[in-house]
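Undergrad: need a 3D model of the sequence below.
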Amino acid sequence: MIGKQVSSLAEAINGIHSGATVLVGGFGDAGTPVALLEALLEDDIRELTIVANNAGSGNRGLESLLREDRVRKVICSFPRSKGSVWFERRYLANEVELEIVPQGTLTERIRAAGAGIGGFFTSTGVGTELASGRETRIIDGREYLFETPLFGDVALIKAHRADRWGNLAYHASGRNYGPTMAAAAQLTVVQVDEIVPLGSIDPENVVTPGVLIDRVVKVEAGKT
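TA: The predicted structure follows:
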């Protein structure tokens, strides 16, 4: 019998190792797997490369990993957002690396990894410091910058509902990045608000199919 549900956060993150590249779903606070990120603090997991839309805020989630010096590098579009105190401290102290990727390019690089695409050309970033030393090509008289796929050792995402097969339904903007990241990582772990019986999620509302999911853990309200 197929069953993706695990009973604890510790079981959900089992096997994630130091030095891993971790794709982190969410957009700002919406859809961020806070409980899974903070569970990483319980193990001696360090030197992480984090791929996310932004570098977190406050003292929770991604910022807690930065606070405890568990992150080696951040790849994101918005490193400085309201409340990103710990990222700024680490960066100014040369304790964390930063790779800035335009938001649309970041999304497409992750999607390319999941789709088996070896790379793509985009006009975004041409003529800026982001293109320094990078491959470019003239296509139909316009210059384009070559971008490579962005894979993860693990993806940590959040969804609203899941069934035991791992089929996922999201809530509103909490869907951001989750579906593409689930396809781009070797191990995909999901925290959900609710686990429902098979058939409870209308197939038309399944955004991420269970074949892409390895583990699902339910997190009680107020702990996300």
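
Undergrad: quick one: contacts of the longest helix seen in the chain?
TA: As assigned by DSSP state H, the longest helix anywhere in the chain is helix 103-115. Residues outside helix 103-115 that contact it (CB atoms under 8 Å, 6 or more residues apart in numbering): 23, 51, 53, 75-78, 101, 117-120, 122, 124-125, 147-152, 177, 180-184. For every residue, glycine as well, the C-beta is placed using N, CA and C.

Undergrad: may I see the PyMOL selection of the buried members of those residues?
TA: A single PyMOL command suffices to select whichever of the contacts of helix 103-115 are buried according to 16 or more other CB atoms under 10 Å:
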select buried, resi 23+51+53+75+76+77+101+120+124+125+147+149+150+151+152+177+180+181+182+183+184
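
Undergrad: related to what we said a few turns ago, and the longest helix of the chain, what's buried?
TA: Within helix 103-115, the residues that qualify as buried are 105-114, counting by 16+ other CB under 10 Å.

Undergrad: what is the mean pLDDT for that helix?
TA: Per-residue pLDDT over helix 103-115 has a mean of 97.

Undergrad: what ranges does the protein have for its strands?
TA: With DSSP state E, the ranges of strands along the chain come out as 21-24, 48-51, 71-76, 97-100, 120-122, 136-139, 142-147, 152-162, 168-169, 185-195, 215-218.

Undergrad: can you lay out the ones you listed as TSV showing distance to residue 6?
TA: Converted to TSV, these look like this (distance: least, CB to CB, whole Å):
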stretch	distance to residue 6
strand 21-24	18
strand 48-51	21
strand 71-76	25
strand 97-100	32
strand 120-122	35
strand 136-139	45
strand 142-147	35
strand 152-162	11
strand 168-169	15
strand 185-195	9
strand 215-218	5
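
Undergrad: redo those as TSV? Include mean pLDDT and distance to residue 15.
TA: Listed next are those as TSV, based on pLDDT from 0 to 100; distance: least, CB to CB, whole Å:
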stretch	mean pLDDT	distance to residue 15
strand 21-24	98	12
strand 48-51	98	14
strand 71-76	97	19
strand 97-100	96	25
strand 120-122	98	31
strand 136-139	96	39
strand 142-147	97	29
strand 152-162	97	8
strand 168-169	98	21
strand 185-195	97	7
strand 215-218	98	10
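
Undergrad: which one, of the ones you listed, ends up nearest to residue 209?
TA: Closest approach to residue 209 among those is made by strand 168-169 (8.0 Å; CB to CB).

Undergrad: sorry, back to before: can you tell me which of the buried residues of helix 103-115 is nearest residue 64?
TA: Among the buried residues of helix 103-115, and counting by CB to CB, the member closest to residue 64 is residue 106, at 22.4 Å.

Undergrad: the closest one and residue 43, how far apart?
TA: Residue 106 sits 27 Å away from residue 43, going by CB to CB, to the nearest Å.

Undergrad: what about the residue of the chain most remote from its centre, distance to residue 159?
TA: Most distant residue from the mean C-alpha position of the chain: residue 141, 35.3 Å away (CA atoms, centre = their mean). Separation of residue 141 from residue 159 (CB to CB): 44 Å.

Undergrad: what does residue 98 give?
TA: The spacing between residue 98 and residue 159, counted by CB to CB, is 28 Å.
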